[in-house]
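>>> take this sequence and fold it.
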Amino acid sequence: MTAGRTKKDLQGVKLLGNKTAYRDDYAPEVLECFSNKHPENDYFVKFNCPEFTSLCPKTGQPDFATIYISYVPDQKLVESKSLKLYLFSFRNHGDFHEDCVNIIMKDLIRLLDPKYIEVWGKFLPRGGLSIDPYANYGKKGTDWEKTAHQRLHFHDMQPEMVNNR
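Here you go, the predicted structure:
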């Protein structure tokens, strides 16, 4: 096996190394991916976005969160600059916290078809209440499907552990 990536490997990666246009409206089309050189291995790719913002759909006030994305890739991986631009595109998007987390997860499932993915939003308190929505998915017919159910039940039954992560 050779180290590095060929031009063919990088065909779908267009944002990296070019001038960046920042979208301030929801833009899933900015997401880019590249091939996984190690699909036979199960490994986690984790992203932490501590500066996520969206808008309350009712008041228009900004909501601030850290978004945690963890996934086990199958054939594709998300290109990180495109993920940053995608998450930035929520800046003027009006939706509830739970919706944002599920939209992010579903867009990444459509792009990557991962073996497993989880998205967790830790939103800052407003009015003394914080919301930490969590969503996950395991590819049907795999052990990851079972893992998704186990992880979801773990989060449901362990609120003190969820809040102390």
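
>>> ok, now how distant is the nearest residue to P73 once chain neighbours are set aside from V45?
Distances taken as CB to CB, 6 or more residues apart in numbering place N36 nearest to P73, at 4.8 Å, with adjacent residues excluded. (Glycine included, C-beta is placed from N, CA and C.) Separation of N36 from V45 (CB to CB, to the nearest Å) stands at 9 Å.

>>> quick check: D63 is in a helix.
No: when classified by DSSP: H, G, I helix; E, B strand; the rest coil, D63 is found to be strand rather than part of a helix.

>>> from here on, call the first residue 31.
Happy to do that; since the first residue is 31 now, the last one works out to D93.

>>> that one: what's it in contact with?
T83, S84, L85, C86, H127, F153, L154, R156 (CB atoms under 8 Å, 6 or more residues apart in numbering).

>>> and with 6 Å instead?
Listed by CB atoms under 6 Å, 6 or more residues apart in numbering, the contact set of D93 reads S84, C86, F153.

>>> now the spatially most central residue of the chain, what's its secondary structure?
In the chain, the C-alpha closest to the average C-alpha coordinate belongs to I99, at a distance of 4.2 Å (CA atoms, centre = their mean). Remark: I99 carries the secondary structure label strand [criterion: three-state DSSP].

>>> in the sheet, who's paired with it?
Under the criterion DSSP bridges, I99 forms beta bridges with F77, V149.

>>> my read: it touches F77, true?
Yes: in terms of CB atoms under 6 Å, I99 counts as a neighbour of F77; the distance is 4.4 Å.

>>> which residues in the chain form helices?
110-118, 127-142, 173-187, 189-193 (DSSP state H).

>>> any chance of these in a markdown table, plus mean pLDDT, mean neighbour count and distance to D162?
As requested, the helices of the chain are arranged in a markdown table below (pLDDT from 0 to 100; neighbours: other CB atoms under 10 Å; distance: least, CB to CB, whole Å):
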| stretch | mean pLDDT | mean neighbour count | distance to D162 |
| --- | --- | --- | --- |
| helix 110-118 | 96 | 19 | 17 |
| helix 127-142 | 97 | 18 | 8 |
| helix 173-187 | 78 | 14 | 9 |
| helix 189-193 | 47 | 10 | 6 |
